[in-house]
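Asks: Build me a model:
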Amino acid sequence: MKAWRVHAFGEPETMVFEDVPVPEAGPGQALIKVAAAGLNFFDILQVQGKYQVKPPFPFIPGAEVAGTVEGTGEPVLAMVSGGGFAEYVAADTARMAPVPKGMDLATAAAVPVVYQTSYFALKDRAALREGEWLLVHAAASGVGVTAVQLGRAWGARVIATAGSQEKLDFVKSLGAEYILSYNDGTWVEAVKQITGGRGADVIYDPVGGDIFDLSTKCIASGGRLLVIGFASGRIPTIAANRILLKNMSVVGAVWGGHVQANPGYAGATQRALGEMFESGQLHPPSPARYPLADAPVALRDLVNRKVLWKAVLTR
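Replies: Got it, this is the predicted structure:
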């Protein structure tokens, strides 16, 4: 089969598209013929050697796929520990789920990691409640879109930030009640005004850097600031006295680590999300599609913020 492999840390363009053996499904696994593979920002970090998980060389990136089970033809989506940027992948059956009714395989490949991340962050870590103010940063990104949609589905009032008018219009169409540019610091006062001086009860931050710093100035008393990632490139710090004086919580949300520690979590969450998809509570946008052979182009577009929501590699 064809697959993209990383032989040394570098950039997307240094990956090698080559012939490799089709993997064999081990105990508790199934072999999936991949129709589409989702791209995530952490794929780029892993290729660069900047991600916390560093597989041994050579490795195949890609953590989410959709396709058909070899031998049965059953359409499934799956979360995998690498190996997604290939024509076949062996996946743990505990981390597989049927494709929701009415969802095409390209869209199905885009949903597992980002929806699960936001489900874990908002429901399990922040305990988001109906009627609360939810501020979602980088709302046009993969995790941002899912946070907006889940927040709305659970009855929160959603304020979304993004870096361009195109992205702001996009997240507005997905259900954000208010949209704000985060290209300057004026959004901080805007959040306070929108919430009647209260501030946001839950802030969802996949950006870090200055966005994290400024978020501490518009969080409500008793608010929860979710640390999702550091797309800005700078890992921020915070003085403990600010946490004390604001009566706030800074809450980490590492979905991957939680799934490793709780093997049944991914399957149970995907079943819950599947019900939300099929009941019409969640509407994943159509992802940008790239041929499998164009994986470096797709990753570079992701790095350059040219992708709204998600991109997938298709066969």
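
Asks: CA atoms for contacts and neighbours, from now on please.
Replies: OK.

Asks: Which parts of the stretch 51-200 of the chain are helices?
Replies: Using DSSP state H, counting those that start in this stretch, the helices of the stretch 51-200 of the chain run over residues 105-110, 112-119, 142-153, 165-173, 186-194.

Asks: Now tell me what touches the third one from outside.
Replies: Outside helix 142-153, the residues within contact range by Cα atoms under 8 Å, 6 or more residues apart in numbering are 40, 114-115, 117-119, 122, 128, 134, 136-139, 157-158, 160, 171, 174-176, 204, 206, 281-283, 308-310.

Asks: Restricted to buried residues, select those residues in PyMOL.
Replies: What follows is the PyMOL syntax selecting those of these that are buried according to 16 or more other Cα atoms under 10 Å:
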select buried, resi 40+114+115+117+118+119+122+128+134+136+137+138+139+157+158+160+171+174+175+176+204+206+282+308+309+310
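
Asks: hang on, the earlier thing: want to try CSV for the helices of the stretch 51-200 of the chain, with mean pLDDT as columns?
Replies: As requested, the helices of the stretch 51-200 of the chain are arranged in CSV below (pLDDT from 0 to 100):
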stretch, mean pLDDT
helix 105-110, 97
helix 112-119, 96
helix 142-153, 97
helix 165-173, 95
helix 186-194, 97
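
Asks: and among those, the most buried is which?
Replies: By mean neighbour count, with neighbours taken as mean count of other Cα atoms under 10 Å, helix 105-110 ranks first of these at a mean of 27.

Asks: counting contacts, what elements does it pack onto?
Replies: Based on contacts counted as 3 or more Cα pairs under 8 Å, 6 or more residues apart in numbering; DSSP states H and E, the elements that helix 105-110 packs against are strand 29-38, strand 64-69, strand 75-79, strand 311-314.

Asks: what does that helix rub up against?
Replies: The contact list for helix 105-110, computed with Cα under 8 Å, 6+ apart, reads 35-39, 64-67, 75, 77-78, 99-100, 284-287, 289, 310-312, 314.

Asks: ok, now stretch 37-56?
Replies: With Cα under 8 Å, 6+ apart as the contact definition, stretch 37-56 has outside contacts at 6, 9-12, 15, 61-66, 84-85, 106, 109-111, 142, 231, 299, 302-303, 310-314.

Asks: List buried members of the residues you listed by neighbour count.
Replies: The neighbour-count test (16+ other Cα under 10 Å) marks 6, 9-12, 15, 61-66, 84-85, 106, 109-111, 142, 231, 299, 302-303, 310-314 as buried among the contacts of stretch 37-56.

Asks: Please pull out the lowest mean pLDDT helix or strand from this protein.
Replies: Using mean pLDDT, DSSP states H and E, helix 255-261 stands out as the lowest-scoring helix or strand of the chain, at a mean of 89.

Asks: show me what contacts F57?
Replies: Contacts for F57 were tallied using Cα under 8 Å, 6+ apart; they are V6, H7, A8.

Asks: ok, the residue nearest to the last one when sequence neighbours are not counted to M15 distance?
Replies: For A8, the nearest residue in space outside its immediate sequence neighbours is F57; the separation is 6.9 Å by Cα to Cα, 6 or more residues apart in numbering. With distances taken as Cα to Cα, to the nearest Å, F57 is found 12 Å from M15.

Asks: Can you check which residues contact both of the two?
Replies: When contacts are counted by Cα under 8 Å, 6+ apart, F57 and M15 have V6, H7 as shared neighbours.

Asks: would you put the C-alpha positions of stretch 127-139 in CSV?
Replies: In CSV, the C-alpha atoms belonging to stretch 127-139 read as follows (Å, rounded to 0.1, in the frame of the first residue of the first chain):
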residue,chain,number,x,y,z
ALA,A,127,-18.9,21.1,33.5
LEU,A,128,-20.5,23.7,31.2
ARG,A,129,-24.0,24.5,32.2
GLU,A,130,-27.1,25.7,30.3
GLY,A,131,-27.3,29.5,30.2
GLU,A,132,-23.6,30.0,30.8
TRP,A,133,-21.4,32.3,28.7
LEU,A,134,-18.9,30.3,26.6
LEU,A,135,-16.0,32.1,24.9
VAL,A,136,-14.4,30.1,22.1
HIS,A,137,-11.1,31.2,20.7
ALA,A,138,-9.9,30.2,17.2
ALA,A,139,-13.5,29.3,16.6
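
Asks: any residues touching it, and which ones?
Replies: Applying Cα under 8 Å, 6+ apart, the contact partners of stretch 127-139 are 122, 144-145, 147-148, 151, 154-163, 167, 171, 195, 199-207.

Asks: Stretch 112-122 too?
Replies: Outside stretch 112-122, the residues within contact range by Cα under 8 Å, 6+ apart are 63-64, 77-79, 128, 142-143, 146-147, 150-151, 226, 228, 253-255, 266, 269-270, 273.

Asks: and the closest residue in space to L77 that isn't next to it in sequence, what does it touch?
Replies: Counting by Cα to Cα, 6+ apart, A66 is the residue found nearest to L77 once chain neighbours are left out, at 4.1 Å. Shown here is A66, whose contacts under the criterion Cα under 8 Å, 6+ apart are 32, 34-37, 75-78, 99, 105-106, 108-109.

Asks: That's all I had, so thanks and see you.
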